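Participant: Next comes the sequence, and after it the predicted model I'd like to discuss.
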Amino acid sequence: MIKPPDNTHLIKGEIADYWYAPDGILYSYSKNPVRTIKNITENILLVKGITNNKIIPLLIYLSNSPIPDKATRKFAAEQLPNVYSAMAMVSKPGLSKFIMNILFSIKPPAIPMKSFTDDKKAKAWLAQFV
């Protein structure tokens with residue numbers, strides 16, 4: 001796992017903690033509460049505050065979390081392009097593919113998205129979106 005430098009504090013959120021790296025990538029360390037429209041909305045505000053409303057690439061370390069309801073999944077998918085230019089998901093084999101299938105079963109994601117088991121490869125892929 002790519003960790004922030006020792007002198008950097010993670011910005012804490014309900015569903016994830018964040019580190020905005022000098023390379024222009026936002027790193028997200030996912031937590032596992034149930035996602036709701038309310039906590040996703042709060043998280044979007046947190047991210048926009050971190051990035052000063054700039055749309056940036058996200059490298060997210062996924063955790064096992066409960067599957068949100070259909071309305072929350074739809075809301076989350078619709079909000080992605082308002083916050084992120086691309087998303088690399090890092091997880092154990094199968095988890096990110098499972099999450100993508102749940103989130104985007106109706107239509108494909110509105111931003112470039114790719115799943116990885118190796119975070120160095122995820123970071124290299126995201127570099128093109130900085």
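Facilitator: Sure, I can see it. Please read these numbers as outputs of a predicted model, since none were measured by experiment.

Participant: quick one: the helices in the chain?
Facilitator: If you assign secondary structure with DSSP state H, the helices in the chain sit at 37-51, 70-83, 95-103, 119-126.

Participant: Worst mean pLDDT among those?
Facilitator: Among the helices of the chain, helix 95-103 carries the lowest mean pLDDT, a mean of 68.

Participant: what is residue 57 paired to in the beta sheet?
Facilitator: Bridge pairing for residue 57 (DSSP bridges) gives the partners residue 86.

Participant: and if you look at residue 61?
Facilitator: Checking residue 61 by DSSP bridges, which sets the bridge assignment, gives partners residue 29, residue 90.

Participant: Now do the contacts for residue 89.
Facilitator: With contact set as Cβ atoms under 8 Å, 6 or more residues apart in numbering, residue 89 has these partners: 60, 62, 96, 99-100, 113-116, 122. C-beta here means a position set from N, CA and C on the backbone, and glycine is covered the same way.

Participant: before we move on, the earlier item: could the helices of the chain go into a markdown table alongside mean neighbour count?
Facilitator: A markdown table is the format used below for the helices of the chain (neighbours: other Cβ atoms under 10 Å):
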| stretch | mean neighbour count |
| --- | --- |
| helix 37-51 | 16 |
| helix 70-83 | 16 |
| helix 95-103 | 15 |
| helix 119-126 | 17 |
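
Participant: Would you reformat those helices as CSV and include distance to residue 18?
Facilitator: Compiled in CSV, those are given as follows (distance: least, Cβ to Cβ, whole Å):
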stretch, distance to residue 18
helix 37-51, 6
helix 70-83, 12
helix 95-103, 18
helix 119-126, 15
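
Participant: Nearest to residue 10, out of these?
Facilitator: For residue 10, the closest of those is helix 37-51, at 10.7 Å, according to Cβ to Cβ.
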